[in-house]
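Trainee: sharing a model that was predicted from the sequence below.
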2 protein chains.
Amino acid sequence: MGETSRATDAAGIAPRDERRDDGDDAIVTDPGAAVEIAVRLAAASGFDRSSRADRARWLTALAEALEAHRDELVELAAEETHLSPARLTGEVTRTATQLRFFAGVALEGSYLEATLDSPDASLTPPRPDLRRMLRPLGVVAVFAASNFPFAFSVLGNDTASALAAGCPVVVKAHPGHPRLSRRVVEIGRDALAGAGAPAAALALVDGFDAGVALVRHPLVSAVGFTGSTRGGRALFDLASARPAPIPFYGELGSINPVVVTAAAAVADVAGIAAGLAGSFTRDGGQYCTKPGLVFVPEGSGFEAELVAALVEAPSQALLTEGIASAFDAGSAALAGRDDIEVVFAGGRAADASAPVVVATTVADFRAAREAFLEECFGPLTVLVRYADDAALDAALAVLEGSLTGTIHHAPGEDVVELTSALARVAGRIVYNGWPTGVAIAWAQHHGGGWPATTASVHTSVGATAIRRWLTPIAYQDAPAAVLPPELTDGNPLGIPRREDGVLAAAPAE
Amino acid sequence: MGETSRATDAAGIAPRDERRDDGDDAIVTDPGAAVEIAVRLAAASGFDRSSRADRARWLTALAEALEAHRDELVELAAEETHLSPARLTGEVTRTATQLRFFAGVALEGSYLEATLDSPDASLTPPRPDLRRMLRPLGVVAVFAASNFPFAFSVLGNDTASALAAGCPVVVKAHPGHPRLSRRVVEIGRDALAGAGAPAAALALVDGFDAGVALVRHPLVSAVGFTGSTRGGRALFDLASARPAPIPFYGELGSINPVVVTAAAAVADVAGIAAGLAGSFTRDGGQYCTKPGLVFVPEGSGFEAELVAALVEAPSQALLTEGIASAFDAGSAALAGRDDIEVVFAGGRAADASAPVVVATTVADFRAAREAFLEECFGPLTVLVRYADDAALDAALAVLEGSLTGTIHHAPGEDVVELTSALARVAGRIVYNGWPTGVAIAWAQHHGGGWPATTASVHTSVGATAIRRWLTPIAYQDAPAAVLPPELTDGNPLGIPRREDGVLAAAPAE
């Protein structure tokens, strides 16, 4: 691995004294050259020709390496992000679980969609022998998020799903945790090399210019992004404007509307208010699934209960100074509006931000919906007071795409119409729960219409996140020797396949 | 259906005397208004709430209606496109087969990817009850192609797959066959209404301005396009630049490289040459899968055999005057190059275009590859003479994305490396056959990298073409009453589902 190891230092991991850790302007000596080296080595790594079994082993090795360095990494992450060690410890577990989950997805093999059709000359047009499966797209660029320094960063969901697919990954480090990013990629590359994988399949680059160069690089085949609507839109536009456009899977801003029905408030107003207080302030409200807009029945006593629940809520130092300033500005702008009533404002204590709750009416919400539908990242939520179902329907009709929509309802209450209203805009509908805390599962969906994502056909969490990095190939009348084993007669690898239109699960062991 | 019937005439099907059938400038009185009406009626049609069983019936009714009007439609199509009645008769059968194929895909139900995970509180984060499936995206815009007036036009693959998915369709008519388009949509809407479907789920608009308005309309959720690289790129750029971008699935230009190995030429040079002559001249060479670039071994006698096979090849009036002029200009530009030798030129007889074959060397091909990689729509193919495997490899290394790649090889010859070289760029690899004639099958793939398509993750032919029009939804801890039947306990509709990670095929009847 000598050559690869030397390359490690060239692949965007510039010597520490060459960088400033002050945000998107972080300087590397020559971001274009770092990107060029990282992308070319990734493309030439042979990672796309690895077997699924090898990749499953390698993902497991990455999970083990993260866990083995947990204490060191949590300490580093806590320094850089101000998130609590308890939260970060859990996030390391989550990230390792994600890596193992995608190892399982790769091994199981149904993601390949192996499909075989036998010849039939009687059809119009005649059908030859056709065998189709998915294969890796190529080098993937991953833009790490600020708010999950492990789970949506260097070895997060985008990277895990891309590696599982057989795509090497070049990560653009988030400037909010540069030292952690560097350490995780070092640990990751060591783990890959130790497990016999090409370490060049994982690289890190740094800085705004490097990000732009990455999206424009001819050998980059797709981009995963988690971040702001403004930044994501700019990079989506770059990806779309390339001479050869590439898919850009961006998770941007999400308001995550919540409806509390009148019956739910009657049944348990204190419990729901306490749940909301916990959800929108969790870790400083810095979740893409933070409930930012809550429709509450007028006169239900909800607001008093919410204020009571917030009195004890802690302040939280936000991830970066930039995020804290944006939160201050965003919450001040809302609080200063004529059509807003400030329900709770904990004030800012030293370097920590305290929760803010504002309220408005359905009429005012509809009249100024652009202001209320813009995500305010941090511990703030907007209550919209509704008088009756007609008012609620009118309010829900102007919502935009969102990752989640939540309904708090009474037992047995009919929420079919309410489900339809939220399903129009949200990718996941949560009942009598809270959208924060996205489970890792085959059935998970973490996506939604614009502005929640740039690609609502896809997801960034859950098993099908792997599909973003795959493209089909069909072999027509191919000699057996050229076929991947997943497509040869007799199904030697025992994966789920469709043959002549009939889907068959994997044979039992 | 009174209101819907009146709307029929407003929905872009302007009275005949209001239009001129002269290409992209065809005038409708107010294309913006026609689009507005068609899209709003489609969105409000309730088609997205129809059952899969109903949609399968409706697609079958469309297939039957096409076949019932076959003679009338073939006559109209022959007048407008100059394609032969035999070819058009076969294409009606193909189109009806496609509609029935997608009816089967809808009924089978695995395309929904129904996935259920049961709760597990021991995980980090805890897993709730999660149930995921795909659902229709919304109104789909389909830009019809010139070269398949049935199979990739009003009721073609894009429309059939979108309707199967539950998406209403507004078709932008191709100006090359306006009367046929109008008649097919009339027949289609009558068939839908007769089968109890909302006829507004299928509408037609006409003219360049209407196409632009369609791509920009806020209620249009996705676009399918088959046509030129230039036109497709312009519309892709429009779709990407929307305030809320939407997926644009464009099938653009494809060169469809063919490699004839030295051993293949030794084994059957005459047969392969005759096969190429038939494939690139078929119906005037007006196929997206026409082999436009053929790598032939020097000194193999291939060119003499090809010329012999072409002497009897018929001329063909091309689809439109514009296409014929573009073909004349494109073939003249190639023939006039210093690095080109004209191997065969049948000349243009009256209103028909005759086959053209030009040849170059690997060195010249590499030096001026932009000129040779641009698709020349019509009966023209470029031969690239190669001396040995090294030269062939060098030539293949500069290819761009293509729908197909073809290898003619001798029995038992090792073509693994050659397969890799073509698989780098092509979506379907054909062995000892020809890429024209795209079978309708579960395992089909009709896609490829830029410039073959704008979205290489997807396909426009084959069962998975339906996925372009679908977006996921996940239900978390949902009451049974809000779940679609495909996701309820006990699998009452008997579709393939994944439960707790285990894929199960549909239960036997």
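Mentor: Right, received. Where do you want to start?

Trainee: any weak-confidence spans in the stretch 301-450 of chain A?
Mentor: The stretch 301-450 of chain A contains residues with pLDDT under 70 at A:347-349.

Trainee: can you get me a residue count around the closest residue to A:Arg282 other than its chain neighbours?
Mentor: The shortest distance from A:Arg282 to any non-neighbouring residue, by CB to CB, 6 or more residues apart in numbering or on different chains, is to A:Thr436 (5.5 Å). C-beta: built from backbone N, CA, C; applies to glycine. Around A:Thr436 there are 20 other residues, counting by other CB atoms under 10 Å in any protein chain shown.

Trainee: what ranges does the stretch 351-500 of chain A have for its helices?
Mentor: Along the stretch 351-500 of chain A, counting by DSSP state H, counting those that start in this stretch, helices occupy A:362-367, A:369-373, A:389-396, A:416-423.

Trainee: now the ones you listed as a markdown table including distance to chain B and mean neighbour count?
Mentor: Formatted as a markdown table, the helices of the stretch 351-500 of chain A follow (distance: least, CB to the nearest CB, whole Å; neighbours: other CB atoms under 10 Å in any protein chain shown):
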| stretch | distance to chain B | mean neighbour count |
| --- | --- | --- |
| helix A:362-367 | 17 | 18 |
| helix A:369-373 | 11 | 17 |
| helix A:389-396 | 15 | 17 |
| helix A:416-423 | 4 | 18 |
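
Trainee: turn those into TSV, including distance to B:Pro126.
Mentor: Shown next, in TSV, are the helices of the stretch 351-500 of chain A (distance: least, CB to CB, whole Å):
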stretch	distance to B:Pro126
helix A:362-367	33
helix A:369-373	30
helix A:389-396	28
helix A:416-423	23
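
Trainee: which residue would be the closest one in the stretch 251-400 of chain A to chain B?
Mentor: The nearest approach of the stretch 251-400 of chain A to chain B comes at A:Glu400, 7.9 Å away (CB to the nearest CB).

Trainee: do you know how far that residue is from A:Ser325?
Mentor: 25 Å (CB to CB, to the nearest Å).

Trainee: pretty sure A:Ala354 sits against A:Ala313.
Mentor: Yes: using CB atoms under 8 Å, A:Ala354 is in contact with A:Ala313, at 7.4 Å.

Trainee: which residues are common contacts for those two?
Mentor: Applying CB atoms under 8 Å, 6 or more residues apart in numbering or on different chains, one finds that A:Ala354 and A:Ala313 are jointly contacted by A:Gly346, A:Pro379.

Trainee: looking at these two, which is more packed in?
Mentor: A:Ala354 (20 against 17).

Trainee: quick one, phi psi at the closest residue in space to A:Gly401 that isn't next to it in sequence?
Mentor: Distances taken as CB to CB, 6+ apart put A:Gly449 closest to A:Gly401, at 2.7 Å, once the chain neighbours are dropped. With angles defined as degrees, to the nearest 10, A:Gly449 sits at phi -70, psi 170.

Trainee: contacts only, for A:Gly449.
Mentor: The contact partners of A:Gly449, taken as CB under 8 Å, 6+ apart, are A:Glu400, A:Gly401, A:Ser402, A:Val425, A:Gly427, A:Ser456, B:Ala244, B:Thr471.

Trainee: quick check: bridge partners of the last one?
Mentor: Beta-bridge partners of B:Thr471, counted by DSSP bridges, are B:Arg135.

Trainee: nearest to B:Gly336, out of the helices of the stretch 351-500 of chain A?
Mentor: Closest to B:Gly336 of those is helix A:369-373 (CB to CB; 57.1 Å).

Trainee: can I get the closest one in PDB? Just the C-alpha atoms.
Mentor: Once non-C-alpha atoms are left out, helix A:369-373 reads as follows in PDB (Å, rounded to 0.1, in the frame of the first residue of the first chain):
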ATOM      1  CA  ARG A 369     -46.100  31.900   4.300                       C
ATOM      2  CA  GLU A 370     -42.700  32.400   2.700                       C
ATOM      3  CA  ALA A 371     -41.500  33.900   6.000                       C
ATOM      4  CA  PHE A 372     -42.900  31.100   8.100                       C
ATOM      5  CA  LEU A 373     -41.900  28.200   5.800                       C
END
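
Trainee: neighbouring contacts of it?
Mentor: A:Ile255, A:Leu293, A:Ala333, A:Leu334, A:Arg337, A:Thr360, A:Phe365, A:Val382, A:Val384, A:Val398, A:Leu399, A:Glu400.

Trainee: recalculate using a threshold of 10 Å.
Mentor: A:253, A:255, A:257, A:292-293, A:333-334, A:337, A:339-340, A:358, A:360, A:364-366, A:382, A:384, A:395, A:398-402, A:451 (CB atoms under 10 Å, 6 or more residues apart in numbering or on different chains).

Trainee: surely A:Val39 meets A:Val220?
Mentor: Yes: contact criterion CB atoms under 10 Å: A:Val39 and A:Val220 qualify, at 6.1 Å.

Trainee: residues bridging contact with these two, i.e. touching both?
Mentor: Between them, A:Val39 and A:Val220 share these contacting residues under CB under 10 Å, 6+ apart: A:Gly138, A:Val139, A:Ala141, A:Val170, A:Ala213, A:Leu214.

Trainee: farthest pair within those residues?
Mentor: Farthest pair in the shared contacts of A:Val39 and A:Val220, by CB to CB: A:Gly138 and A:Ala213, 16.4 Å.

Trainee: for chain B, what are the nearby residues on the stretch 201-350 of chain A?
Mentor: A:221-222, A:233, A:236-237, A:239-248, A:250 (CB under 10 Å from any CB of the partner chain).

Trainee: now the buried members of those.
Mentor: Among these, those classed as buried by neighbour count (16 or more other CB atoms under 10 Å in any protein chain shown) are A:Ser221, A:Ala222, A:Arg233, A:Phe236, A:Ala239, A:Ser240, A:Pro245, A:Ile246, A:Pro247, A:Phe248, A:Gly250.

Trainee: nearest to A:Ser51, out of these: which one, please.
Mentor: A:Ser221 (20.5 Å).

Trainee: so the closest one sits in a helix?
Mentor: No: going by DSSP: H, G, I helix; E, B strand; the rest coil, the assignment for A:Ser221 is strand, not a helix.

Trainee: more neighbours, A:Glu400 and A:Ser325?
Mentor: Between A:Glu400 and A:Ser325, counted using other CB under 10 Å, the more crowded position is A:Glu400 (19 against 11).

Trainee: residue contacts, the more buried one?
Mentor: A:253-255, A:257, A:369-370, A:373-374, A:425, A:448-452, B:244.

Trainee: can you rerun that using 6 Å?
Mentor: A:Leu373 (CB atoms under 6 Å, 6 or more residues apart in numbering or on different chains).

Trainee: now do A:Pro379
Mentor: Residues in contact with A:Pro379 (CB under 6 Å, 6+ apart) are A:Thr281, A:Gly284, A:Gly285, A:Pro355.

Trainee: find the nearest non-adjacent residue to the last one, please.
Mentor: Take A:Pro355 and drop its neighbours on the chain: the residue closest to it by CB to CB, 6+ apart is A:Pro379, 4.3 Å away.

Trainee: about what we covered before: can you tell me which of the buried ones among the residues of the stretch 201-350 of chain A next to chain B is closest to chain B?
Mentor: Distances from chain B to those, taken by CB to the nearest CB, are shortest for A:Ser240, at 3.8 Å.

Trainee: kind regards, and thank you for your time.
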